[in-house]
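# Next comes the sequence, and after it the predicted model I'd like to discuss.
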2 protein chains.
Amino acid sequence: MAEKRVWLFKEGNASMRNLLGGKGANLAEMTNAGLPVPPGLTITSDTCMEYIKAGHKMPKGLMDDVRKALSVVETEAGKKFGDATNPLLVSVRSGARLSMPGMMETILNLGLNDDTLHGMVKLTKNERFAYDSYRRFLTMFGSVVLHIDRDKFEHILDAIKGREGVRLDNDVSVEGLKEAVESYKKLIADETGNPFPQDPMDQLLLAIEAVFKSWNIPRAIAYRNHYKIPHEYGTAVNVQSMVFGNMGNTSATGVSFTRNPSTGENVFYGEYLTNAQGEDVVAGIRTPQPIARLSEEMPEIYNQYVDIAQKLEQHYKDIQDMEFTVERGKLYILQTRSGKRTSRAGIKIAVDMHKEGLISRERAVELVDPSQLYQLLLPSFDDAAKKVAKDEGKLLGSGLNASPGAATGAIVFDPAEAAEMGEAGKKIILVRIETCPDDIHGMIPSQGVLTSRGGMTSHAAVVARGMGKPCVAGAETIRIDLEKETLTTPDGQVFKKGAIISIDGGTGEIFAGSISTVPPAVGGDLETILEWADDIKRLDVRANADTPEDAKKAIELGARGIGLCRTEHMFMAQERLPVVQEMILAGSEEGRRNALAKLLPFQYQDFYEMFKTMGGLPVTVRLLDPPLHEFLPNHDELLAEVIELRVRGHKADLLAEKEVLLAKVEELRESNPMMGLRGCRLGLTFPEINEMQVRAIFEASCDLKKEGVDVKPEVMIPLVGHVNELKAAREQLEAVAQQVMDEKGIQVDYAFGTMIEIPRAALTAEKIAEYAQFFSFGTNDLTQMTFGYSRDDAEGKFLNSYVSRGILESNPFETLDQEGVGSLMKIAIEKGRSVRPDIKLGICGEHGGEARSVKFCHRIGLKYVSCSPYRVPIARLAAAHAVLEERAAGEHSTH
Amino acid sequence: MAEKRVWLFKEGNASMRNLLGGKGANLAEMTNAGLPVPPGLTITSDTCMEYIKAGHKMPKGLMDDVRKALSVVETEAGKKFGDATNPLLVSVRSGARLSMPGMMETILNLGLNDDTLHGMVKLTKNERFAYDSYRRFLTMFGSVVLHIDRDKFEHILDAIKGREGVRLDNDVSVEGLKEAVESYKKLIADETGNPFPQDPMDQLLLAIEAVFKSWNIPRAIAYRNHYKIPHEYGTAVNVQSMVFGNMGNTSATGVSFTRNPSTGENVFYGEYLTNAQGEDVVAGIRTPQPIARLSEEMPEIYNQYVDIAQKLEQHYKDIQDMEFTVERGKLYILQTRSGKRTSRAGIKIAVDMHKEGLISRERAVELVDPSQLYQLLLPSFDDAAKKVAKDEGKLLGSGLNASPGAATGAIVFDPAEAAEMGEAGKKIILVRIETCPDDIHGMIPSQGVLTSRGGMTSHAAVVARGMGKPCVAGAETIRIDLEKETLTTPDGQVFKKGAIISIDGGTGEIFAGSISTVPPAVGGDLETILEWADDIKRLDVRANADTPEDAKKAIELGARGIGLCRTEHMFMAQERLPVVQEMILAGSEEGRRNALAKLLPFQYQDFYEMFKTMGGLPVTVRLLDPPLHEFLPNHDELLAEVIELRVRGHKADLLAEKEVLLAKVEELRESNPMMGLRGCRLGLTFPEINEMQVRAIFEASCDLKKEGVDVKPEVMIPLVGHVNELKAAREQLEAVAQQVMDEKGIQVDYAFGTMIEIPRAALTAEKIAEYAQFFSFGTNDLTQMTFGYSRDDAEGKFLNSYVSRGILESNPFETLDQEGVGSLMKIAIEKGRSVRPDIKLGICGEHGGEARSVKFCHRIGLKYVSCSPYRVPIARLAAAHAVLEERAAGEHSTH
């Protein structure tokens, strides 16, 4: 005995998604919630598989069951299928258990034939509408169900339009439509060898079969392969009675939101048209009325609708975006779904709904999408103003969205000049081919930075992100001439020094002129949501911060510690760089130690202030990481200088000096610096550098502790790949730490640990954990090594193409690759805990501030995530979402 | 009741290593084999631990047991311990179960005191010898047992030498020695507060305690920590009676080998001196006699000795290196061990010993060290000639041993000139700062290549290794001036074009002038050993070969297939490079396709000949792998040219042309090319390149098959990190393959597979195996990514230092890192087999030709290893060793 194949909407509910499909289950849920949904029926997805497995044969008795259910629908609708005076028309739609674009589209107005057409004419008193509906139905049915080339229908209509001298379908005369209907029917008869099926039940049978078959069309199969949806799910078929808002002045149609989706205000919001179809509201031919007017025109309907809207919001516990139709004085709800809203509105709605008692705090937190928060925390261009600028042709080009935020200012090419102008309070954009450490003093006072070369990890990008300053990097179509001080666009527009431009670091766009901005939304509601999130989450959230200023910002945004302090950023400052260069150029350990002695007070001061700011919260300090040549002048520029000096044959002293410098730069130069002498390799090669850094950390810690300030320094060794590296570094540096503490006569609580950012470290974590009190996953480098991608090269050269072609699901530098990099992390965690069960585990790659990645970190059992200060709110919220998803999964699994 | 603590040599045997230590067990074994070993006893290592655990207290009754055993020794030796007329002297030595340098050294002549000294004088009739022995004993005992600073003994002797006006200890007069003995005894009394212990049993007690204590001296503990030797093993103590070869003309001493260790000839080999001590043979003051003379001088002793030697060789089944002493007409064997031999001799000895029925084939194979084979297969400099050259100051410097072999020739700097001279039959060495593809025509005719810049994977190194041509790369202390055509050494010697130099690619040394070479030893015995090895091994051995010539060499050296054909090396040839450059510089797909069409016939011809050579053996062809800029001119040189042209301001046409080229080179340039646009990323970005390659492979395969030649092409996609890359590439390229086969009307057996060289590929191997019929581990890149080391940078900058400091055990690019990289390989194998149990697994990194790595590959279950042709014999032999080790472990585990 077969299962029940045909279900009336009123027989189902939302939990029957697997059988009735997503659409069918939702229609059933609304029906049973007492909403006036146009009645209908659903044929189960199992029936579809029965049909396919039987070799495209309809199960016996299926159409009898459909006819039986349809009778109930007729009764409820007060119309009859195929009846010439009061015909029931239906829509037929596919609906699988998972949303699956690419399958059969909707067929509307099924049931129309030469007889029922006349019924429609009388009912609607609109011959034009009836014939136009018939024409559309014949086109849809002919092409989708009978597989006749859609163009053939279009050609017929085009010929009529040509003859009538009109351009739009809507302008075709009634006579023209009548002619089209006749020609369509002839076309169908010619193409299929059979007349167009006038019997509505025949139409329905064919339409249902077409939906069944569409489950296995190539694009549907390809889609399921891609998303790993099992091929044996099948699709359900929904047959629903049609209603019309254009049956006179007691009919209407409209859309509305239960709250304002732009501001979040709790006011009913929407618009409608009387005697109109859904398309008319959207098309803008007639101006729709605000929804409030309906209370005057159709007060009862309005009250009923508001009542339903409130119920729906309470039922779904979210702002609803609804479509409704009034057919001759009767209200129908055609659709309701969660309403799209702005980030700002979303936060307000969530907080309000909790305050109204509608939802729990947890649900409120759940309703806010963490990934939307970032833009709220930075000033951004007004979208409308941007659109105007684009329409006016002011978009000059685009580069990489290297550091988000909006900036407007006068172009300056020379960093020294930028520094001067900045001090004079001018708003400027620093424009360079690329930046180097020498340019920092010009970046600091700029509103934003624009470069024509370099990737997401180029100097400009990294430094700008560190500063929280907007940056568009690698805008390769823009030509920058530093000598002439001009910026030239691809179409030849030339911008000179002083010209005003605007850059959008969030999108990478570059505009001529200024564009108005909207201020960041660090309002009370966001604060509230984040506090609620903090109550829920288990992950700690720290910030990556390199300066005392960063640390203050981090605290402000809710960080509970610093997970990554990149000490080399302290080396980049204007007055320090020459000393760093002196150290690098020194040919002996003694020379290096002399220079390092000069750097010690700077580092001491930085750590002192940072530890003080963090007041007892943990601060993880990573010892020097980048290759030394990053602190030296650019090789190619230096080479060019030297050659020029040689050819010109004068200034012998200058030449000699530059040649020495060039020789050193070439000595330090590497084929693949990402995999060269950096990280702990540097520290083990020149131990005096790390010794100075550790001395600075512990002198500052001891002094603060003496002043009564609590400190928790965590010393982190970067780029460890073999336990012996960590062992050697730790033994050497812990001795220095102890020496400082002995000198100061005070003991500080500290921890020694390592980054896990080299695949080998993850693979041998049980060895490394013997010497590491904590692991911090450096997922930027770990992603580079695990994929074998140099981020700087990959993003410009092939990575974006990989993502757009679907070879990679997403950019692994933005969203953590759970399958590959994630599996290494799991290996490291398991092995690390096997020898040190209480090892502290965190992440300090950029992924620590990306919502999906944060949730993954929660699931694999990290203790904290650390990210740039502006991403801290995202991480806090995502960490709470992780807990809520876990609870939901737990509840689910107990069913 | 305590275990037996003291064992006579005759009570033990070789299997008692754990209890008696290595030395004690061996002495016991020899004793029981009936050899005339001077009698002695061993105190067990457990006793040492008893002593240590009791807080340095001798176990009760131990010395009684020692005394008891010593009585037996006295009887056997016919001497008495402490007897004034016929004294027994003994040596006391430590001996743990594992060889462990760093512990207590030997104490000789223990038992000497003022009384026994006189006995010795009478016995040896050599007052000088007796006093010298006493002096030495006092020094050893005083410093090692009583911990008196050794310098204090030296100072006393120095004073005497100074007074006597002699330089050597041997020249001190007997009176001087007597004075020294008295002063030493006084020194001991002064330093310890007790007189020197005259009682031999007291001496023995103290010496045994000193050995026990030495187990826990810091350097011994450190050594055990490093090698992970358990601290509770303890050390045994060996007390052995001394014999003297200098007791007159019926005494003698000598060393000998059972066969000639230099040639392997089966003749008794060695030398001796009558009335002499062991040191005298080595010191070269008297000229030793060839061992054959002993048959005349002491015929009975000689016969006895030869007989023993033969027994020992049969017992240990290996050539023996023996020390003997004849004391007053009685022969003693002091030591026997496996004799060190040259590679050449080792092979001959192994084959001979099997033919003599002495050892099995397996044992013969086991006796040859795979890692010694490589040098045999290349001509090499005569070691003696090299030593002479060094002594004459002709060593000019050294670089990386980039490609082994010896080469001598005239310096040429210009590749074009090298090509000319090579054609004229001159022997030349191409000397460049670094090489690029444009230089290939100059490398081909050279004997060898020397560069002053670049690492083990620099162009020169890689190409030279591929050609089997000696290369010294990155000799940074050598200054090369290409304009002046001079090579300058660090000490200022200048070598002009045409000067003769010699380079040793196996050591990296560079010499002035020519050095004589010895030819490669591809003799019959090596062939025999390798055939025996083939019968034992299970691993298949293939070769990495890029040209038909390589393939021929591979077959000659026993490869059973090609595991890696790097198609880009086919692109490097002189006449092809311009076409490759044309392809790269083309701005459109059409332009690239035009150039590729010109390359197709070249690739076709290469594959045709290579497949034909391999005649049905599998050939794995890797599609284009390196970044495209490797085919273009060097960036810095081009930049220099452009700047020079700009400054000079003439030749505008040339400047424009160079600027275009520079722009393209800069466009293709990457920050980290190793992790950039290469491998399958290149193929997916420019699909037409791989399509051409696959077309060439299949056209050649089809044509050969039509001619009746069997072909087995395996198409390999490099640098896959995500299954979708392989899927996309395979779908695209299998379509091309099928198209070619359809065109040719013939079907070819082929396989599609991938390199596993990106960590992510290993971690997700279960996905990748769905689309790969084989995995070939590319352990060069896999090592780079797993460690995060760029080989080019790491070896020069920190890797060598890591190895010498013990941070890494060995260079992971030479010996596979089993712990890290190996664990990734294991993951990949397990995951790959989980979805495709019959997946073919191989390795084609350089490790495939390194003995330890080959054994690892065997253990983890690979089907084949592939390496450069000259390493094929190493791999064959190592693969056999892997099986033999496995069998031994199996036998071991059944005990």
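Nice, thanks for sending it over. As the structure is a prediction and not an experimental result, all values here were calculated from the model.
# What parts of the stretch 1-150 of chain A come near chain B?
Residues of the stretch 1-150 of chain A that fall close to chain B, judged by CB under 8 Å from any CB of the partner chain: none. In short, each C-beta sits where N, CA and C put it, glycine included.
# What segments of the stretch 1-150 of chain A are helices?
For the stretch 1-150 of chain A, the helices defined by DSSP state H, counting those that start in this stretch cover A:17-32, A:45-53, A:62-77, A:114-124, A:127-140, A:150-164.
# who wins for proximity to A:Thr613 among these?
helix A:17-32 (50.9 Å; CB to CB).
# Dump that closest one to PDB, restricted to CA.
Taking C-alpha atoms only, helix A:17-32 is exported to PDB below (Å, rounded to 0.1, in the frame of the first residue of the first chain):
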ATOM      1  CA  ARG A  17       9.700  19.700   4.900                       C
ATOM      2  CA  ASN A  18      11.300  16.400   3.700                       C
ATOM      3  CA  LEU A  19       8.000  15.100   2.300                       C
ATOM      4  CA  LEU A  20       6.300  18.200   1.200                       C
ATOM      5  CA  GLY A  21       9.300  20.300   0.300                       C
ATOM      6  CA  GLY A  22      10.100  23.700   1.800                       C
ATOM      7  CA  LYS A  23       7.500  25.600   0.000                       C
ATOM      8  CA  GLY A  24       4.700  23.100   0.600                       C
ATOM      9  CA  ALA A  25       5.500  22.800   4.300                       C
ATOM     10  CA  ASN A  26       5.500  26.600   4.700                       C
ATOM     11  CA  LEU A  27       2.200  27.000   2.900                       C
ATOM     12  CA  ALA A  28       0.700  24.300   5.100                       C
ATOM     13  CA  GLU A  29       2.100  26.000   8.300                       C
ATOM     14  CA  MET A  30       0.500  29.300   7.300                       C
ATOM     15  CA  THR A  31      -2.800  27.600   6.500                       C
ATOM     16  CA  ASN A  32      -2.900  26.000   9.800                       C
END
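# Can you spell out which helices and strands pack onto it?
Packing partners of helix A:17-32 (3 or more CB pairs under 8 Å, 6 or more residues apart in numbering or on different chains; DSSP states H and E): strand A:6-8, strand A:40-43, helix A:45-53, strand A:90-96, strand A:235-241.
# now the ones you listed as CSV including mean neighbour count and mean pLDDT?
Below are the helices and strands packed on helix A:17-32 laid out as CSV (neighbours: other CB atoms under 10 Å in any protein chain shown; pLDDT from 0 to 100):
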stretch, mean neighbour count, mean pLDDT
strand A:6-8, 21, 96
strand A:40-43, 28, 96
helix A:45-53, 20, 94
strand A:90-96, 24, 90
strand A:235-241, 26, 95
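# related to what we said a few turns ago, out of the helices of the stretch 1-150 of chain A, deepest packed?
helix A:17-32 (a mean of 23; mean count of other CB atoms under 10 Å in any protein chain shown).
# Just send the helices of the stretch 1-150 of chain A back as CSV, with distance to B:Ser514 too.
Shown next, in CSV, are the helices of the stretch 1-150 of chain A (distance: least, CB to CB, whole Å):
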stretch, distance to B:Ser514
helix A:17-32, 84
helix A:45-53, 82
helix A:62-77, 95
helix A:114-124, 106
helix A:127-140, 91
helix A:150-164, 83
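# Quick one: closest of the ones you listed to B:Gly248.
That would be helix A:17-32 among the helices of the stretch 1-150 of chain A, by CB to CB, at 105.4 Å.
# what residues does that closest one touch?
A:7, A:9-16, A:37, A:39-40, A:42, A:44-46, A:93-99, A:233, A:235-236, A:238, A:240, A:333, A:336 (CB atoms under 8 Å, 6 or more residues apart in numbering or on different chains).
# Which residue is the nearest non-sequential neighbour of A:Pro288?
Of all residues not flanking A:Pro288 in the chain, A:Glu271 sits nearest, at 3.8 Å (CB to CB, 6 or more residues apart in numbering or on different chains).
# nope, A:Lys10 is what I meant
A:Thr31 (5.0 Å).
# just to revisit the earlier point, quick one: contacts for the residue nearest to A:Pro288?
A:Glu271 touches A:Gly254, A:Val255, A:Ser256, A:Val281, A:Pro288, A:Gln289, A:Pro290, A:Ile291, counting by CB under 8 Å, 6+ apart.
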